[in-house]
Every structure is written in structure tokens, then in C-alpha cells.
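Student: Build me a model:
(chains A and B)
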Amino acid sequence: MHLTPDQIVLWQHGVVKLNSTIITTWALMLVLTIGSWLVTRKLSTNIKISQWQNLLEIIVGGVKQQIQDVGLAEPEKYLAFLGTLFLFIACSNLCTLLPFYEPPTGSLSTTAALAISVFVAVPVFGVLESGVYGYLRTYLEPTWLMLPFNIISELTRTLALAVRLFGNIMSGSMIVAILLSITPLIFPIFMTLLGLLTGMVQAYIFSILATVYIAAATQTQGERPGTHDFAPSSKRREATSGKPGTAGAS
Amino acid sequence: MLIDWFTVVAQVINFLILVWLLQRFLYKPIVNAMRTREQKIASQLRDAENQKSEAEAESLKLRIAHDELEGRRQELLREAEGEAETLRQQLKEEARHEIKTVREKWQQALRDEQGAFRAELGKAVRQEVFSIATSVLADLAGVDVQGRMATMFIRRLEKLSAEERMKLSLFVTADGKAPVIRSAFELSPAAREAIEKAVAELVAADNSHGVRYEITPDLVGGIELTANGRKVSWSISDYLLSMEQRVQQLAAHRTKTHDQVE
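Tutor: The predicted structure follows:
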């Protein structure tokens, strides 16, 4: 039994290696890309559309709506990054139904990579939206005394993102594997179903937290008098408090 | 160690590639398609709104036109009704006038016919009554009616006043013609003689012209003397006229009673 799919190494040359995590990720990327291409190569702009186009429009529209609900006024700017986060994690977790499948999200390396991406994306989007000075000012909010806490908050929430997703998915896979060896009949099926639910919830939590972080970084300007504030107050408080675990605990 | 840093780097790269791929094959086309469709729907809705506005404007225009037509129709109807009423009154008046004219003509014709009939009846009645009276008196009393009539005529002459006698005498002599004795029947020689004698006395024996006799059936039982337009007569027509008046009064009374009953 492996604690992480990183340990299943198929090919290695020095530090360069192809493990189960990378191969599965490539497979998921292939499926997602080919699936999207198959549907979007003949899109209809009429009132009547195909079922697959309808499904994709519901997903994309839903993601856009979620981004907008969190408080980002122009969701299309962030759609690619946040939507891909959600779709990748959700597909990765859904595929746990397949036999012999090791979810890449059950690898701390993958979740760390995703968390690092969010960690980098937040200042990038913040700078693009408010400029370098405007973004850096957010670390001095509400007073300069909060600067160290804001920096700690950035680091800890990234760590929390990575560990939360890894812990949930890895534990789910582990529980199913352990139960299979103890009670191999009906009970693992229920645990798999529970794992599916947990996986979807984690995908949602991961992407919504990333959205909230980006919203907090881009909309600090909005808290100044005379500008609009689109972020819901509860989510903004959570995003700026540096306690991501309170929202994402499961 | 749970974190393999090579895998972390590889997964970051993989993730960025996936972001680019999905942006290229999923989000961009889908968002564009949705936007295009939304614009199309918005355009269709706008068109529909425009068409609705046009239809409403058209409807309003048609309603106004309809109201105008309705008003015009009512006006024409009122005019036609007025003309029809005038024409009706005119025709009624004409008809009334015509009826009045016809009735007057009819009444005149009726009156004429009635008069003619009455005259005819009176004449027939007089003749018949005279005939019956003559027959009855002759049969029952053996009276010479014609002789009695001549006698009555002579008495009539004799009863004339002196002034009338003189006037009659003057007329007879001035005319220079024989005075005419008219009767409805042929006078007997005795009667003629008595009449001639009476006339001679009347004109104081200056009657060199004699007397001329004429038969006039219309007189019905009467004798009259005519000289130069002057006339002295005796006839039973007076009796008969009296009877005729009584008969007419009776007929009028019966007609009145009959109308009241109806």
C-alpha cells in the first residue's frame, strides 16, 4: 500500500522520473482537452444546442456565476485559472470510481503544486488589477502593524490548501483500501460514495477559496470610499483573516 | 518524504498547460458561443419589442380610423334617418291630400247620384201617386179628377187679387200672343171651355188671341197658365213635395239612429 501515488515510479533517470501522479495527470489532461475539443469544434449559436454543449455551458456558466458571486466583477478574466482548478480536481476525484485508479490529488506534490499556483496567481492577479503599489498596500491593511500577520497568512493558507486537499483525498483512498482488506463486501462501496462526495466538496472548496483569495487581493481597492465593493463581507473577512482552515475544514 | 519536488514542478507545468488547453478548447469557444447566443436572443427580443411597438402603433392607428369610420357611419345614419323622416312626412301629406281629394270627388259623385236618384224617385212617386189617386177617386167616388183639377185651377185664377189680375192682364195684352195653358194630360172640351172663359174674364175680354194648349207630362197632375213669362199654376206637386220632405226626414232619422247603434 502506497501513501501517495508519487511512490509508484514507472521510469526514472536521475531526478527525472515518471510516476503514477504525472501519468494520471497527463491522462486526465488528455481526456479533458479531447472532450472539450470534441464538443466545441461544432458549437451552435442558435437557440437549439446539443446536449453536450448544454452540459459544458452549464458547467462554465456555473463557474462564472460562482466567481461573480464571490465578488469578481469580470469573471472571464479568472475563468481559465479558477475553472481549470475546479475541473481538474473534480475530475481527478470523480475517477476514483475506476478500479486501480490512484487520484493525483491524493499526492501532496500535486496539491502543493496547485497551492503554489494559487500562491503565485493571487499576487499576479492583484498586481494586474491594482498595480504593484496598490497590491503591496494590501499587506499594510488595515495598519502597517498587520504586515507580518498578512505575510504569515499568505504562507499558511497556501499550506492549508495543499494539506487539506491531500489529506481528504488520501484518507479517502486509504480508508477504501483498508476496508477492502477487512470487510470486502458492501461497506467499501458506501465509503467510495462518501469519498466521491468528499472529493466534489474538496474541489469546490479549493477553487472557491482560491477565488476568495484572488477577490481579496484584487478588491482591496474597492474598500476605499467612492468605489464599489463586490465581495460578500463574510468571505472577505475570512480571506483577509489568515485563517483559511475555518472555512475549509472537513 | 511525501513531497517529491520534481513532481511538484512537473504538476505546476502540467497545470499551466491544462489551463492553456482548456482556455483554448473549452472556455473561449463556450463563452463566445454563449455571448453570441445571448446577443442573438437580445436582438430577437429587441426586434420583437420593436415589432410589438409597431403593432401597437398600428393598432392604435386602426382604432382611431375605426372610430372615425364609426362616427361617420353614425352621422350618415342620422342624416339618412332625417331624410327618411322628411320623405315619410311628405309622402304622408301627399297621401292624405290625395285621399281628401278622392273622398271629396267621391262625396260629390255620391251627392250628384243621390240628387238624381231623388229627383227620379220623386217624379216616379208623384206620377204613381197621381195615377193611384185618380183611379181610386174615379172608381170609388165617380169623380172626374181632371175636371176637378180644371175647376181648382179656375178657382185659383178667380182668387187672384186685383193687382195680380191687372199685372197678368197687362202681360197677356203686351205680349200679343195667346197665353199658354200647360197640363200633364189632355183637357176635356168642357174643361177647356171653362178655362177659356175664366181667362177671358181675367184679361177683361181683350183676349183676341185665344188660348194655346200644351201637354207637359212633367207637371204631374197640374195646370198652369203662362203669359209672357208670368205664370199662374195649380198642381198636386205641392202635396207630393210635402210628402217627399216627410220621407226624407224619416230616412235621415233612421240613418242617424243606425250610426249611433254601431
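Student: switch to C-alpha atoms for all contacts and neighbour counts from now on
Tutor: Noted.
Student: quick one: low-confidence ranges for the stretch 51-200 of chain B?
Tutor: Counting by pLDDT under 70, the stretch 51-200 of chain B has low-confidence residues at B:175-176.
Student: Residue of it nearest chain A, please.
Tutor: residue B:51 (19.9 Å; C-alpha to the nearest C-alpha).
Student: Name the next helix or strand downstream of the longest helix belonging to chain A, please.
Tutor: If you go by DSSP state H, chain A has its longest helix at helix A:147-182. Note on helix A:147-182: by DSSP states H and E, the next helix or strand toward the C-terminus is helix A:187-218.
Student: Can you point out the buried residues in that next one?
Tutor: Buried residues in helix A:187-218, counting neighbours by 16 or more other C-alpha atoms under 10 Å in any protein chain shown, are found at A:188, A:191-192, A:195-196, A:198-218.
Student: touching chain B at all, it?
Tutor: No: if you take C-alpha under 8 Å from any C-alpha of the partner chain as the test, helix A:187-218 misses chain B, and the best it gets is 13.6 Å.
Student: Spell out which residues sit in contact with the residue nearest to residue B:3 when sequence neighbours are not counted, please.
Tutor: Nearest residue to residue B:3 in three dimensions, chain neighbours excluded: residue A:109, at 4.9 Å (C-alpha to C-alpha, 6 or more residues apart in numbering or on different chains). Residue A:109 makes contact with A:6, B:2, B:3, B:4, B:5, B:7, B:8, B:11 under the criterion C-alpha atoms under 8 Å, 6 or more residues apart in numbering or on different chains.
Student: Contacts for the host helix or strand of residue A:52, please.
Tutor: Assigned by DSSP H and E, residue A:52 belongs to helix A:51-70. The contact list for helix A:51-70 (C-alpha under 8 Å, 6+ apart) reads A:39-40, A:43, A:74-76, A:78-79, A:83, A:208, A:211-212, A:215, A:230-232, A:235, B:27, B:30-31, B:34.
Student: coming back round to it: how close does the residue nearest to residue B:3 get to residue B:74?
Tutor: 92 Å (C-alpha to C-alpha, to the nearest Å).
Student: what does residue B:115 give?
Tutor: Using C-alpha to C-alpha, we find residue B:115 at a distance of 60 Å from residue B:74.
Student: try residue A:22
Tutor: In terms of C-alpha to C-alpha, residue A:22 sits 91 Å off from residue B:74.
Student: the more surrounded of these two?
Tutor: Set side by side, residue A:22 and residue B:74 show more neighbours around residue A:22, with 21 against 12, by other C-alpha atoms under 10 Å in any protein chain shown.
Student: Mind pulling the model confidence for the more buried one?
Tutor: On the pLDDT scale, residue A:22 is placed at 95.
Student: ok, the helix or strand where residue B:10 lies near chain A or not?
Tutor: When elements are assigned from DSSP H and E, residue B:10 belongs to helix B:5-22. Yes: with C-alpha under 8 Å from any C-alpha as the criterion, chain A is reached by helix B:5-22 at B:5-12, B:14-15, B:18-22.
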